[in-house]
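A structural model of the following input is requested.
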Amino acid sequence: MTELPATKSIVLPHPLRTWCGDTLEGVQQVYETWGQPRGNGDNTLVIFTGLSPSAHAASSAADPEEGWWEAMIGPGRPIDTDHWHVICFNSLGSCFGSTGPGSVNPATGQPWRLDFPELRVEDIAAAAHAALMEMGLERVHGVIGPSMGGMTALAFLLRYPGVARHFLSISSALRALPFAIAIRSLQREAIRSDPAWQGGNYHPEQPPVTGMRLARKLGMISYRSAGEWVERFGRRMMAEPDPGFGPRFEIESYLEAQADRFVGGFDPNCYIYLSRAMDLFDVDEHAGEGQDALGVLDYLGSAAVVGVDSDILFPAQQQRALAEGLERVGIPVSYSELASIQGHDAFLVDHDRFGPVIADYLEKIRGA
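Reported below is the predicted structural model:
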């Protein structure tokens with residue numbers, strides 16, 4: 001379990017009841033903040049992360065290391081911390097300080113591993129909400145979520161009506177489609193099939209490296225687009241291709257490098273739990289019989305839905321379905337389908353396209 005220098009931590013004083021009916025005691029929720037708060041959350045924006053990032057979304061005086069959304073958060077940037085107070089929560093179930101399979105089960109003194117209860121996106125939202133209450137923030141101005149974070153933000157809004165006034169969803173969806181479920185299923189199988197996994201009981205110094213490498217490579221293939229691979233790599237060969245059946249093409253070398261960077265930085269059991277949580281999320285579980293699940297969100301002042309046309313993991317039709325669903329229940333919605341070649345990961349790297357859209361929406365809701 002890793003905590004970064006700027007991380008703040010709250011241990012929830014009350015047991016957390018999970019979506020599936022289990023109870024977690026002594027839940028630790030970690031987060032980072034930027035900017036100065038005003039009033040009772042009047043200028044507070046909450047960011048929920050995707051599957052693998054920590055709460056370190058941007059650098060700060062406490063931790064000058066570049067964050068995963070560095071280009072978006074800070075003075076004068078699209079999420080302008082001269083105006084906004086920003087909180088980014090590390091997901092429950094992750095391995096960067098918040099309680100999860102890699103942390104210690106207080107009942108046994110040993111890591112939870114696969115004894116950790118089944119994790120749902122709704123539980124990630126619940127832990128964040130409980131932490132906000134402990135911070136004295138009964139209301140926030142808005143919630144922002146890219147990828148899995150968009151699902152978490154949506155679950156947060158559905159479970160806690162009225163806590164946030166605005167919603168920015170980025171490359172996310174109402175539920176996972178079969179293609180995305182299939183990819184993540186293969187990633188989990190790669191990890192579980194590695195002999196070093198040992199049914200989840202691997203030693204921290206001897207994790208299932210091969211399984212995690214394969215999972216990361218599969219992930220990278222789904223995070224970007226085929227068009228980008230053609231543009232960036234074509235059929236170029238490596239300077240020193242493997243003479244056997246190892247990597248020969250530059251695209252293979254790229255995937256190798258991505259796998260090398262990922263292994264050792266993320267706990268395999270945490271990866272499995274969060275991956276499955278994404279598959280299990282379905283907004284319709286929040287609806288009574290014959291009801292529109294999004295109907296409870298009619299309290300929102302506005303929403304914005306942003307995606308890209310080359311995303312194969314959360315494709316554009318899912319972005320449109322979310323925007324149309326919000327509009328159907330009377331929420332003013334802005335919808336942006338960006339022409340980016342960089343696929344699902346575009347929100348992390350295509351700053352020129354995402355930055356202005358995010359900045360424009362946040363300017364529109366300032367004081368609203």
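
So which residues of the chain form helices?
Assigned helices in the chain, in chain order: 121-134, 148-159, 178-193, 209-223, 226-232, 250-262, 268-280, 316-328, 346-349, 351-365 (criterion: DSSP state H).

My read is that Leu177 contacts Ala316, right?
No. At 12.0 Å, Leu177 does not count as touching Ala316 under the criterion of CB atoms under 8 Å. The way it works is simple: take the backbone N, C-alpha and C, and place the C-beta from them, glycine included.

and the helices of the chain as TSV, adding mean pLDDT, mean neighbour count and distance to Glu70?
Formatted as TSV, the helices of the chain follow (pLDDT from 0 to 100; neighbours: other CB atoms under 10 Å; distance: least, CB to CB, whole Å):
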stretch	mean pLDDT	mean neighbour count	distance to Glu70
helix 121-134	98	24	22
helix 148-159	98	26	16
helix 178-193	98	17	26
helix 209-223	98	21	18
helix 226-232	97	14	21
helix 250-262	96	16	17
helix 268-280	98	23	22
helix 316-328	98	18	24
helix 346-349	98	23	10
helix 351-365	98	17	9
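
for those helices, which one sits closest to Gly142?
helix 351-365 (6.4 Å; CB to CB).

outside of that closest one, which residues touch it?
When contacts are defined by CB atoms under 8 Å, 6 or more residues apart in numbering, helix 351-365 is touched by residues 45, 71-72, 77-80, 84, 141-142, 165-166, 168, 170, 301-302, 304, 306, 308, 334, 336, 338-340, 346-347.

Let's see which of those residues end up in strands.
When DSSP state E defines the strands, the subset of the contacts of helix 351-365 inside them is 45, 79-80, 141-142, 165-166, 168, 170, 302, 304, 306, 308, 334, 336, 338.

could you flag which of these are buried?
Burial by neighbour count, judged by 16 or more other CB atoms under 10 Å, picks out 45, 79-80, 141-142, 165-166, 168, 170, 302, 304, 306, 308, 336, 338 from the ones in strands among the contacts of helix 351-365.

circling back: using CSV, please lay out the helices of the chain together with distance to Asn201.
Shown next, in CSV, are the helices of the chain (distance: least, CB to CB, whole Å):
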stretch, distance to Asn201
helix 121-134, 23
helix 148-159, 26
helix 178-193, 12
helix 209-223, 14
helix 226-232, 37
helix 250-262, 21
helix 268-280, 9
helix 316-328, 37
helix 346-349, 33
helix 351-365, 41
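
Ok, which of the ones you listed comes nearest Gly290?
Nearest to Gly290, of the helices of the chain and by CB to CB, is helix 316-328 at 15.0 Å.

And the closest one, how far out from the chain middle?
Computed by CA atoms, centre = their mean, to the nearest Å, the chain-centroid distance of helix 316-328 equals 19 Å.

relative to strand 333-338, how tilted is it?
170 degrees (axes from the mean of the first three to the mean of the last three CA atoms, to 10 degrees).

any idea of the angle helix 316-328 forms with strand 302-308?
Using the same axes, to 10 degrees: helix 316-328 against strand 302-308 is 170 degrees.

other SSEs contacting helix 316-328?
For helix 316-328, the packing partners by 3 or more CB pairs under 8 Å, 6 or more residues apart in numbering; DSSP states H and E come out as strand 164-170, strand 302-308, strand 333-338.

what comes up buried for stretch 237-253?
Judged by neighbour count using 16+ other CB under 10 Å, the buried positions of stretch 237-253 are 238, 247, 249-253.

Name the nearest residue to the residue nearest in space to the middle of the chain, sequence neighbours excluded.
Nearest residue to the geometric centre of the chain (CA atoms, centre = their mean): Gly50, 1.4 Å. Sequence neighbours aside, Ser147 is the residue nearest to Gly50 in space, at 3.7 Å (criterion: CB to CB, 6 or more residues apart in numbering).

same deal with Pro53?
Spatial nearest neighbour of Pro53, excluding adjacent residues (CB to CB, 6+ apart): Trp68 at 4.4 Å.

so that neighbour touches Val349, yeah?
No. The criterion here is CB under 8 Å, and Trp68 misses it with Val349 at 10.6 Å.

got the contact list for the closest residue to Val143 other than its chain neighbours?
The shortest distance from Val143 to any non-neighbouring residue, by CB to CB, 6+ apart, is to Ala153 (4.3 Å). Neighbouring residues of Ala153 by CB under 8 Å, 6+ apart: 46, 48, 125, 143-145, 167-169, 172.

wait, which of those is closest to Cys95?
Nearest member of the contacts of Ala153 to Cys95, counting by CB to CB, is Phe48, at 16.4 Å.

beta partners of that closest one?
Judged by DSSP bridges, the bridge partners of Phe48 are Phe89.

Number of residues surrounding it?
Applying other CB atoms under 10 Å, we find 28 residues neighbouring Phe48.

quick one: contacts for Arg216?
Here Arg216 is in contact with 258-259, 262-263 (criterion: CB under 8 Å, 6+ apart).

Glu134 now?
For Glu134, the contacting residues are 10, 12-13, by CB under 8 Å, 6+ apart.
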